[in-house]
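**Student:** kindly generate the corresponding structure for this input.
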Amino acid sequence: MTPPQETAPRPRVGRVRFAVLGLLFVGITINYVDRATLSVALPHISEDFHISSTMSGLIMSAFFWTYAFGQMPGGWLADRVGPRVSLFFASLWWGVATALMGIARGTGSLVALRMVLGLGEAPSFPSSAKVVAKWFPKGERSFASATFNNGNAVGGALSIPLVALIVAGIGWRAAFFVAGALGVLWALGWWLYYRDPERHGRLKKPEFDYIKAGQDTGEAPEQTAIRWRDLFRFRVMWAMMLGFFCVNFVAYFFITWFPSYLVDTYHLSTLKFGFLGMVPGLSSMVGGWCGGLVSDWLVRRGTPVTKARKICLVGGLLGTSVIALAVISPSVGMALTALSVSYFCSTFAAASVWSLPGDVAPTPGHVGSIAGIQNTAGNIAGIVSPLLLGVLMGTDGSFTVPLMTAGCVALIGAATYAFLMPKVQPLRLDTSRSDSMA
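**Tutor:** Residues are numbered from 1 along each chain as shown. So this is what the prediction gives:
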């Protein structure tokens, strides 16, 4: 029996890649602040414009229709023009769209601007995955992916006090102006600082060599010949899409129905919910970084990439399924424990989800497209999950059926990554027969 390979200490070769990652994390955080500003300001907007709850739901959902279906074009754009250009224009776009909501005059303009905002934000995650694939070796890629992905949790958490203070002080319109300005300022900072590793003035040769040594650099002719539509011939792509749909199906419960569940089921006051409601969100931040560290540790230890990713993906989704235990929890404390474990495990798995585009891309020029395809499926869950869970809740007026359904979807996701996903390796046309859905 061969003894396990010891974890090799990472050499001190420089930290420019982490500066790039930090700037990317700030950008995704601002992305989510801009996205969440409406949800915090909506009670005041509804009062001014006399908006019904049904129309409020339409305004909120308008974002996801354009955001979900902008993922594939956004990923394609990131591959064609590079992440420096795609993220600069995306952030400029979403910043201006957010600011324009401050001069909205009614529901029509709010719906239209939310759709514009969704298009502007669509390239952000595919471009971020491309940045990580360019700047990080495989042994650090999951942690880097978890870091930029955690920007959504931090941005969602920051938006509540930040926007609430602005709304209380100078009005809801000013909140959109401030949030939009943050996006524009970040776009300028990104344009000035970011370059690909080959052209970054601050990157020294030891760090550049360290990054490249941990990446797949060979591009055989059959790899470069893979076209965008050819990607759908590979079984791994369908496994990534279905698996991420299942991850996000549960995650969107926390973004949409979780406040109603906690308040309605346990009759919490607004103040008490404000404190208790933060717990699952905080656990999700920790889960993301833990998932990234574990996956990267396994790869550096010599574990095959397929096994390292599947351990975190399958294990994370099995843990996510404990959301179903909340239905038998006799107290709010036990329910929060089950929900916090579930959200922790969801982001634990998501760290490896965002490593996969770089792992399977046949060339660096395919990373954004693959990430966009995967994220399309993930955000279709953002459309399906709140609607389906709402319909299921109508069956008996409780959250029992919705939570049980979410737990079952998590188990389907675990089975997808365990049995449907083949070997995690760069796609090649000469292996497509064995990897094809056909």
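
**Student:** Met393: neighbouring residues, count only.
**Tutor:** Applying other CB atoms under 10 Å, we find 19 residues neighbouring Met393. (Each C-beta comes from the backbone N, C-alpha and C, glycine too.)

**Student:** and the host helix or strand of it, what does it pack onto?
**Tutor:** Taking DSSP states H and E as the criterion, Met393 maps to helix 367-396. In terms of contacts (3 or more CB pairs under 8 Å, 6 or more residues apart in numbering; DSSP states H and E), helix 367-396 is packed against helix 53-69, helix 71-81, helix 124-135, helix 235-256, helix 356-360, helix 400-415.

**Student:** helices of the stretch 1-150 of the chain, start to end?
**Tutor:** All helices of the stretch 1-150 of the chain, identified by DSSP state H, counting those that start in this stretch, fall at 16-49, 53-69, 71-81, 83-100, 107-121, 124-135, 138-149.

**Student:** tell me which residues in the helix holding Met393 are buried?
**Tutor:** 367-386, 388-389, 392-393 (16 or more other CB atoms under 10 Å).

**Student:** show the contacting residues for Val33.
**Tutor:** Counting by CB atoms under 8 Å, 6 or more residues apart in numbering, Val33 touches Gly155, Leu158, Ser159, Leu162, Val163, Ala179, Leu182.

**Student:** can I get those in CSV with secondary structure, neighbour count and pLDDT?
**Tutor:** Compiled in CSV, the contacts of Val33 are given as follows (DSSP: H, G, I helix; E, B strand; the rest coil; neighbours: other CB atoms under 10 Å; pLDDT from 0 to 100):
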residue, secondary structure, neighbour count, pLDDT
Gly155, helix, 22, 82
Leu158, helix, 16, 77
Ser159, helix, 24, 75
Leu162, helix, 19, 80
Val163, helix, 23, 80
Ala179, helix, 28, 92
Leu182, helix, 21, 95
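
**Student:** can you give me phi and psi for Ser355?
**Tutor:** Phi and psi for Ser355, reported as degrees, to the nearest 10, are phi -80, psi -30.

**Student:** tell me the spacing between the most centrally placed residue in the chain and Trp354.
**Tutor:** Computing the C-alpha centroid of the chain and ranking residues by CA atoms, centre = their mean puts Asn149 first, at 5.0 Å. Noted for Asn149: a distance of 6 Å to Trp354, by CB to CB, to the nearest Å.

**Student:** what sits in contact with each of these two?
**Tutor:** Counting by CB under 8 Å, 6+ apart, the residues touching both Asn149 and Trp354 are Phe125.

**Student:** list the buried residues of the helix or strand where Leu262 lies.
**Tutor:** Assigning secondary structure by DSSP H and E places Leu262 in helix 258-266. Judged by neighbour count using 16+ other CB under 10 Å, the buried positions of helix 258-266 are Phe258, Pro259, Tyr261, Leu262, Val263, Thr265, Tyr266.

**Student:** where's that helix relative to the chain centroid, distance-wise?
**Tutor:** The gap between where helix 258-266 is centred and where its chain is centred comes out at 24 Å by CA atoms, centre = their mean, to the nearest Å.

**Student:** I'd like the average pLDDT over that helix.
**Tutor:** What helix 258-266 shows for mean pLDDT is 78.

**Student:** any stretches of the protein with poor pLDDT?
**Tutor:** When residues are selected by pLDDT under 70, those of the chain lie in 1-12, 53-54, 57, 216-225, 269-271, 273-274, 429-438.

**Student:** contacts only, for Ala179.
**Tutor:** Ala179 touches Ile30, Val33, Asp34, Thr37, Thr98, Ala99, Ser159, Val163, counting by CB under 8 Å, 6+ apart.

**Student:** tell me how far it lies from Leu268.
**Tutor:** Distance from Ala179 to Leu268, by CB to CB: 28 Å.

**Student:** ok, Arg227 next?
**Tutor:** 53 Å.

**Student:** for these two, work out which one has more neighbours and name it.
**Tutor:** Higher neighbour count among Arg227 and Leu268: Leu268, with 17 against 10, using other CB under 10 Å.

**Student:** what kind of secondary structure is the more buried one in?
**Tutor:** The three-state assignment at Leu268 reads coil, by DSSP: H, G, I helix; E, B strand; the rest coil.

**Student:** elements contacting the helix holding Leu262?
**Tutor:** helix 270-276, helix 332-353.

**Student:** hey, which of those helices is tucked in deepest?
**Tutor:** Highest mean neighbour count among the helices and strands packed on helix 258-266 (mean count of other CB atoms under 10 Å): helix 332-353, with a mean of 24.

**Student:** okay, the angle between it and helix 235-256?
**Tutor:** Put simply, helix 332-353 runs at 150 degrees to helix 235-256, going by axes from the mean of the first three to the mean of the last three CA atoms, to 10 degrees.

**Student:** CA atoms only for helix 332-353, dumped as PDB, please.
**Tutor:** Extracted in PDB, the C-alpha atoms of helix 332-353 (Å, rounded to 0.1, in the frame of the first residue of the first chain):
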ATOM      1  CA  VAL A 332     -36.200  27.900  16.700                       C
ATOM      2  CA  GLY A 333     -32.700  27.100  17.900                       C
ATOM      3  CA  MET A 334     -32.800  23.500  16.500                       C
ATOM      4  CA  ALA A 335     -34.300  24.800  13.200                       C
ATOM      5  CA  LEU A 336     -31.500  27.300  12.900                       C
ATOM      6  CA  THR A 337     -28.900  24.600  13.600                       C
ATOM      7  CA  ALA A 338     -30.300  22.500  10.800                       C
ATOM      8  CA  LEU A 339     -30.500  25.400   8.400                       C
ATOM      9  CA  SER A 340     -27.000  26.700   9.300                       C
ATOM     10  CA  VAL A 341     -25.500  23.200   8.700                       C
ATOM     11  CA  SER A 342     -27.400  23.000   5.400                       C
ATOM     12  CA  TYR A 343     -26.200  26.500   4.200                       C
ATOM     13  CA  PHE A 344     -22.600  25.800   5.400                       C
ATOM     14  CA  CYS A 345     -22.600  22.600   3.300                       C
ATOM     15  CA  SER A 346     -24.100  24.300   0.300                       C
ATOM     16  CA  THR A 347     -21.300  26.800   0.000                       C
ATOM     17  CA  PHE A 348     -18.800  24.100   1.000                       C
ATOM     18  CA  ALA A 349     -19.800  22.400  -2.300                       C
ATOM     19  CA  ALA A 350     -20.100  25.600  -4.300                       C
ATOM     20  CA  ALA A 351     -16.300  26.200  -3.800                       C
ATOM     21  CA  SER A 352     -15.600  23.200  -6.000                       C
ATOM     22  CA  VAL A 353     -18.500  24.000  -8.400                       C
END
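
**Student:** tilt between that helix and helix 138-149?
**Tutor:** Using the same axes, to 10 degrees, helix 332-353 lies at 130 degrees relative to helix 138-149.

**Student:** return the distance of helix 332-353 from the chain's centre.
**Tutor:** The answer for helix 332-353 is 15 Å, by CA atoms, centre = their mean.

**Student:** right, I'll leave it there.
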